[in-house]
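Asker: From the sequence below, what's the structure:
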Amino acid sequence: MTHLEPPGRLDRPVDRRLDHILGNASAEVTLVEYGSYVCTHCRAANEEIARVRGHFGDRLRYVFRHLPIPGSELAHRAAELAESTHSNEEFWKVHMRLMTRSAQLTEDDIVVVTREIGLEDKNSQQADLIAQRAKTRIDADIRSAQASGVRFTPTFFINDRRYDGPWDESSLTDAMLGRLGHRMQSAALDFAAWGPSAGVLLLLATIVAVLISNSPASDAFETLMHENMGFVIGTEAFGMSLRHWINDGLLTVFFLVVGLEIKREMTVGRLATPTTAALPVAAAIGGMILPALMYWLLIPSGPWAHGWGIPMATDTAFAVAIIAMMGRRVPVELRIFLTAAAIVDDIGSIAIVALFYSEELNLIYIAASVALGFLLWSFNRAHVYRVSMYLLFGVALWVCVYASGFHASLAGIVLALLIPTRSPANLRALISQADTIIAAEAQRGDVLRRGPSLPAIRALDAIHDRIESPADRLLRYAATRSSYLILPLFALANAGVEFTSSVWAGHEPLMLAIVTGLFVGKPLGIMAACALAVRLGITAKPEAYSWQQLLGAASLAGIGFTMSLFIAGQALTETTDFAAAKIAVFLASLLSAMTGALLLLTAGERSAQRPAERRSSTPAL
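Answerer: Residues are numbered from 1 along each chain as shown. Predicted coordinates:
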C-alpha cells in the first residue's frame, strides 16, 4: 500500500530572540527559508523573495535560517560572518550583501563584507566570543532544519508548513494568500499523508452504503447501479451496468496498483531477497489455505460450496489503517510484514478469481489477449518507455480479457508485470543538462514574455521522464486514486445490505463458514505457516516484534472486507446469499479488527514494561 510522505512542519516556531525577522513581527504570513549563501538556487530565489515582500508589504515577515552546504568551508564562514553582527538590522544588511554582491559567492566577498562590518578590528578574545555565539546559533538552525525534514536548500515554510511548490513569485503568492486551489491541495495532501486515511474513507463509504440500503432511497440507488452505460462503434455495442463498470472496470486499476506494488517489492523492496520475502510469503500462503479449508469443511457441497475463496482475502487498507492508528506501539518491521503479506494475499485472490470464478471461456478472445500480452512484452523488451503506449494497449487487453470469460481484473495484473522498470538515472548528469538548457533559455530576450522554447520544453520533459521508471511513475499516479476513489466507490456500490430477518433465515451455515474462515482460519493459518517456516530454517522472525504481536497482525489480516466482498460477488449469484455473505464479512472483519488491536495494544504495553523491569533489576555499581 502506497502512502504519501507526511507534509513537513516547522520544528521550531519563529522566535524574536532566536530568529532574524525582516518585516512586521506580527504579520499574518510568515515565510521561513533554510538556505546557504553559496547555494546558487538560494541566491536566485532571493530575487523572488524580494518581489514577494514588495507585494505583501507589512502582511509578511521573512525569516532566514542557516543550513550551510555540507563540506563547504566557505558556506560555514559566510553563515558565521552573517551571525557576527550585533543587531537584526545589521544582520539583514550583511545578508543582502552576501546574497547579491556577486553571482557566485567568493572568498573576495567574504573579505570585503568582513571589512565593511569592522570585524577585522576585533581583538582575538572578542573574535572568539563572536565566533562561538555565531556557531551556536548556526548549529541550532541546522538541528531545526533536520527536525523539520529539510533535505535541500532553499527550503521554504509558509506559516509553519513546508512549501513544496515552485519558487516563482506567482506560486509563492498563491500559497501565502491561501487561495482555494492551494488550500484544497494542502488539505488533500494532509489527509492522504495521515496513515489511517484510506481505511477511514473506506469505512465512511461502507456506512453510507449500509444507510442507503436501509433507507427509502434504496430502490433509487439500486436503479442507478443497474443503469446500463456503454458506447457504440459502428454496428458493435458495448455496455455494462454502472455497478459492473465499477467492479470490472475501475477495480482493474486497483489490481494494476497491486501488481505494480508487488513488482516493486520483488525488485527493490521487502520481497527482493529470498530471506526477507520468505516470512510474508509463507504467511500469505498459510492465510489463504487454512481459511479456505475451514470453509470447505463446514460447507463441503451444495450451492454455497463455491464460496470457499471468500475468507481467503485480506483488506490491506483497513489492516494498515488500524496499525497506523497505533503509532509507535507497533514496530515498523511488523507494519512492513503485514503490508507485504497483504500484497501477496491480493495477488493470490486475483489468481483464485481468474482460475475458479471465471465464466464460460471464449477461445478467440483468449487468443487476442495472449497476442496483446505478447505485444506489450515486445514493447518492454524493445525498451519502449512511453506509459501512454502501455495504457492504450492495456485498455484493449482489458476488453479482450473481459470478453474471454476471465475476470477483467486479470488485465491489470498482466499490464503491471509488463510495464518496464528502469535502472536509476544519473541525477548529476540530468541536473547538469537541465541547468544548461535553462541557462541558455534565460538569455533569450523574449523568455519572460513567451516562456521557454518548444525544443527546451521537450528536452526538460525528457529529463523529467528519465527521473522515474514507467512503472514507478504509473504507481505514483494511480495508487492514491485507487485508495481514495476506486475502493470507496467499490464499497459504496457493493457494501450495502438490508438488515432484515430474511437475510439471516436459512443462511446460518454460510455465515458461520465465512466468519470461521476469516476470524479463526486466517490468523491460525498465518501463525502456523510462519512457525513452520522458522522451524524449518527457511527464514527467521525479526527480533523487533514478538510472537504475540505477530498474532495481532495475523488477526488484522482477517479483515477481509473489500476483497472478500469482491470474491463473494463472483461466487454467490443469488441476491440473498450475497447479502448474507456481506453481513458475515462485516462481522468477521469487526471481530478480527477488535482482536488484532487488543493483542497489539497489550503486547505493546508488555514490551514497554520489559526495559523498565530490566533497568530496575540491574544491580547498582
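Asker: shouldn't R65 be in contact with V32?
Answerer: Yes. Assessed by Cβ atoms under 8 Å, R65 is found in contact with V32 at 6.4 Å. To be clear about C-beta, it is placed using only N, CA and C from the backbone, and glycine gets the same treatment.
Asker: The residue nearest to W377 when sequence neighbours are not counted: what's it in contact with?
Answerer: Spatially, and ignoring its direct neighbours in sequence, W377 is nearest to L418 (5.6 Å; Cβ to Cβ, 6 or more residues apart in numbering). For L418, the contact set (Cβ atoms under 8 Å, 6 or more residues apart in numbering) comprises G373, L376, W377, F379, N380, Y390.
Asker: The fourth one: which element?
Answerer: In this structure, F379 is located in helix 363-381 according to DSSP states H and E.
Asker: Run through who's touching that helix.
Answerer: By Cβ under 8 Å, 6+ apart, helix 363-381 touches 389-390, 393-394, 396-397, 400-401, 403-406, 411, 414-415, 418-420.
Asker: how about a cut-off of 6 Å?
Answerer: With contacts defined as Cβ atoms under 6 Å, 6 or more residues apart in numbering, helix 363-381 is touched by F393, A396, L397, C400, V401, A403, S404, V414, L418, P420.
Asker: The residues you listed in helices, which ones?
Answerer: Using DSSP state H, the subset of those located in helices is F393, A396, L397, C400, V401, A403, S404, V414, L418.
Asker: now, among those residues, which is nearest to R115?
Answerer: The closest of these to R115 turns out to be L418 (Cβ to Cβ; 65.8 Å).
Asker: From P470, how far off is the closest one?
Answerer: Taking Cβ to Cβ, to the nearest Å as the measure, L418 and P470 are separated by 10 Å.
Asker: list the helices and strands the helix or strand harbouring A493 packs on?
Answerer: Using DSSP H and E, A493 sits within helix 487-494. With contacts taken as 3 or more Cβ pairs under 6 Å, 6 or more residues apart in numbering; DSSP states H and E, helix 487-494 sits against helix 197-213.
Asker: just the CA coordinates of the very next helix or strand once past the helix it packs on, formatted as CSV?
Answerer: Counting by DSSP H and E, the next helix or strand C-terminal to helix 197-213 is helix 218-225. C-alpha atoms of helix 218-225 as CSV (Å, rounded to 0.1, in the frame of the first residue of the first chain):
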residue,chain,number,x,y,z
SER,A,218,-32.6,2.1,-1.6
ASP,A,219,-34.7,1.4,-4.7
ALA,A,220,-33.5,4.6,-6.4
PHE,A,221,-29.9,3.7,-5.6
GLU,A,222,-30.2,0.2,-7.0
THR,A,223,-31.9,1.6,-10.2
LEU,A,224,-28.8,3.8,-10.6
MET,A,225,-26.4,0.9,-10.0
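Asker: and for helix 218-225, what are the contacting residues?
Answerer: Residues beyond helix 218-225 that count as contacts (Cβ under 6 Å, 6+ apart) turn out to be I212, L242, R243, A493.
Asker: try stretch 586-593
Answerer: Stretch 586-593 has contacts (Cβ under 6 Å, 6+ apart) with I322, V515, L518, F519, S555, G558, I559, G560, F561.
Asker: Which of those residues fall in helices?
Answerer: Counting by DSSP H, the part of these found in helices is I322, V515, S555, F561.
Asker: in the stretch 1-150 of the chain, which segments are predicted with low confidence?
Answerer: 1-7, 119-125, 127 (pLDDT under 70).
Asker: quick one: the strands in it?
Answerer: 21-23, 29-35, 60-66 (DSSP state E, counting those that start in this stretch).
Asker: Got the confidence number for the nearest residue to L10 once chain neighbours are set aside?
Answerer: Leaving out its chain neighbours, the residue that sits closest to L10 by Cβ to Cβ, 6+ apart is D160, at 4.2 Å. Looking at D160, its pLDDT is 87.
Asker: Backbone dihedrals for D160, please?
Answerer: Reported as degrees, to the nearest 10, the phi and psi values for D160 are phi 80, psi 0.
Asker: How much space separates it from G23?
Answerer: 16 Å.
Asker: Looking at the two, which is more packed in?
Answerer: Shown here are D160 and G23; by other Cβ atoms under 10 Å, G23 has more neighbours (18 against 15).
Asker: quick one: contacts for the closest residue to the more buried one other than its chain neighbours?
Answerer: Closest residue in space to G23, ignoring its immediate chain neighbours: R61 at 4.1 Å, by Cβ to Cβ, 6+ apart. R61 sits next to I21, G23, N24, A27, T30 when contact means Cβ under 6 Å, 6+ apart.
Asker: just to revisit the earlier point, among the contacts of stretch 586-593, which one sits closest to K93?
Answerer: For the contacts of stretch 586-593, the nearest to K93 is I322 (55.6 Å; Cβ to Cβ).
Asker: Around A78, how many other residues sit close by?
Answerer: Residues within reach of A78, counting by other Cβ under 10 Å, total 24.
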